[in-house]
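> sequence and predicted structure below; questions after.
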Amino acid sequence: MRKPIIAGNWKMFKKLSEAVQFVDEVKGQVPAASKVDAVICAPFLFLPTLVEATKGTDLKIGAQNMHFELEGAFTGEVSPSQLADVDVQYVVLGHSERREYFNETDEAVNKKAHAAFENGLTPIICCGETLEEREAGQTVSKVSTQVTEALKGLSKEQVIQSVIAYEPIWAIGTGKTATAEEANETCGEIRSAISEAFGADVADQVRIQYGGSVKPGNIAELLSMEHIDGALVGGASLEPASYLQLLEAGANG
Ligand SMILES: O=C[C@H](O)COP(=O)(O)O
């Protein structure tokens, strides 16, 4: 049985005061960690404050990116050891917006995944196809490659601990969700690719989230699908009430 994981990805939204207000409102109402893993991935600037504000609660804090080196002359970057030092627990890697606007490659995502584990961070590794790729029948090969390249060289134990987020790019922020069946089918293909690379025992335990216009109104159906174990949520994670409804769906899913 895979425990659902619901992660809010705030992207470049909110001011620090709004972020603190959000977690103060939400943290006491988060369902028990035994039922669902609740995560907020916030801008770097907010992380130490949010970690402090959520200490001892079931709301966990993640980053949205990081460099793969521990330190060095990389102006503007943040390292895995810096995230670990302030007790951040999760990190989103290879989001399609990072791949598209910041040229993040599968190779870089793989280095970051290794660095995440070496520093005690849980990676949420994103994959997804464009509309053109989908229409050309390339969805499975695209996402399978992204996932197996990202996981390359990790131990079975590390793969089991990794979280995969399948986000069809055409469904992000557009209001268009893949149908639950479409999302499930692709998540199943991702699981098969992991199974081929690391074995069925590993693939059965990896949690695969769906992301792309997930809302309180559609999350239950998505989570009812065999291969969907959670959600990576942008827009609908920005308001406390809506985020809490997503968590409730996760806890009941
Ligand atoms: O990381 C989250 C995704 O990009 C989905 O964003 P969205 O829920 O606003 O469509």
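Nice, thanks for sending it over. Numbers count the residues shown, from 1 in each chain.
> can you give me the helices for the stretch 151-253 of the chain?
156-161, 180-198, 200-203, 219-223, 240-252 (DSSP state H, counting those that start in this stretch).
> nearest to Glu18, out of those helices?
Closest of these to Glu18 is helix 240-252, at 10.6 Å (criterion: Cβ to Cβ). Glycine gets a C-beta too; all of them are placed from N, C-alpha and C.
> what comes up buried for that closest one?
240, 242-251 (16 or more other Cβ atoms under 10 Å).
> buried deepest among the helices of the stretch 151-253 of the chain, which one?
helix 219-223 (a mean of 21; mean count of other Cβ atoms under 10 Å).
> what ranges do the strands span in the stretch 101-250 of the chain?
122-127, 163-166, 207-211, 230-233 (DSSP state E, counting those that start in this stretch).
> can you list those strands in TSV and add mean neighbour count?
Shown next, in TSV, are the strands of the stretch 101-250 of the chain (neighbours: other Cβ atoms under 10 Å):
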stretch	mean neighbour count
strand 122-127	27
strand 163-166	28
strand 207-211	27
strand 230-233	28
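> save the ones you listed as CSV, and put in mean pLDDT too.
Below are the strands of the stretch 101-250 of the chain laid out as CSV (pLDDT from 0 to 100):
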stretch, mean pLDDT
strand 122-127, 98
strand 163-166, 98
strand 207-211, 97
strand 230-233, 98
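> mean pLDDT added to the helices of the stretch 151-253 of the chain, as CSV?
CSV is the format used below for the helices of the stretch 151-253 of the chain (pLDDT from 0 to 100):
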stretch, mean pLDDT
helix 156-161, 98
helix 180-198, 97
helix 200-203, 98
helix 219-223, 97
helix 240-252, 97
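> quick one: which of those is nearest Val147?
Closest of the helices of the stretch 151-253 of the chain to Val147 is helix 180-198, at 5.5 Å (criterion: Cβ to Cβ).
> who in the stretch 151-253 of the chain is up against the ligand?
167, 172-173, 211-214, 232-236 (Cβ under 6 Å from any ligand atom).
> which among the residues you listed gets closest to the ligand?
Comparing these against the ligand with Cβ to the nearest ligand atom picks out Gly234 as the nearest, at 2.5 Å.
> pull the number of nearby residues for the closest residue to Lys152 other than its chain neighbours.
Sequence neighbours aside, Asn110 is the residue nearest to Lys152 in space, at 5.3 Å (criterion: Cβ to Cβ, 6 or more residues apart in numbering). Asn110 has 21 neighbours, counted by other Cβ atoms under 10 Å.
> what about Asn110, distance to Asp87?
Distance, Asn110 to Asp87, by Cβ to Cβ, to the nearest Å: 25 Å.
> Asp201 too?
Using Cβ to Cβ, we find Asp201 at a distance of 31 Å from Asp87.
> what does the stretch 1-150 of the chain put close to the ligand?
Within the stretch 1-150 of the chain, the positions near the ligand by Cβ under 6 Å from any ligand atom are 9, 95.
> find the closest residue to the ligand in the stretch 1-150 of the chain.
As assessed by Cβ to the nearest ligand atom, the ligand sits closest to Asn9 within the stretch 1-150 of the chain, at 3.5 Å.
> return the residues in contact with that residue.
Going by Cβ atoms under 8 Å, 6 or more residues apart in numbering, Asn9 touches 41, 64, 92, 95, 211, 232-234, 237.
> bridging residues for it?
Asn9 has the following beta-bridge partners by DSSP bridges: Cys41.
> repeat for Gly62
Here Gly62, judged by DSSP bridges, has bridge partners Cys41, Tyr90.
> thinking it is in contact with Pro123, fair?
No: the pair Gly62 / Pro123 is not scored as a contact, 9.4 Å apart, by Cβ atoms under 8 Å.
> and stretch 73-87, C-alpha only, in CSV?
As requested, the backbone C-alpha atoms of stretch 73-87 are provided in CSV (Å, rounded to 0.1, in the frame of the first residue of the first chain):
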residue,chain,number,x,y,z
ALA,A,73,31.2,29.7,-7.5
PHE,A,74,27.6,29.3,-8.9
THR,A,75,26.1,32.8,-8.5
GLY,A,76,22.4,32.7,-7.7
GLU,A,77,22.2,29.0,-7.0
VAL,A,78,21.3,27.1,-3.8
SER,A,79,23.0,23.8,-2.9
PRO,A,80,21.6,20.6,-1.5
SER,A,81,23.7,20.9,1.7
GLN,A,82,22.3,24.4,2.2
LEU,A,83,18.8,23.1,2.0
ALA,A,84,19.6,20.2,4.3
ASP,A,85,21.2,22.6,6.8
VAL,A,86,17.9,24.4,7.3
ASP,A,87,16.0,21.1,7.6
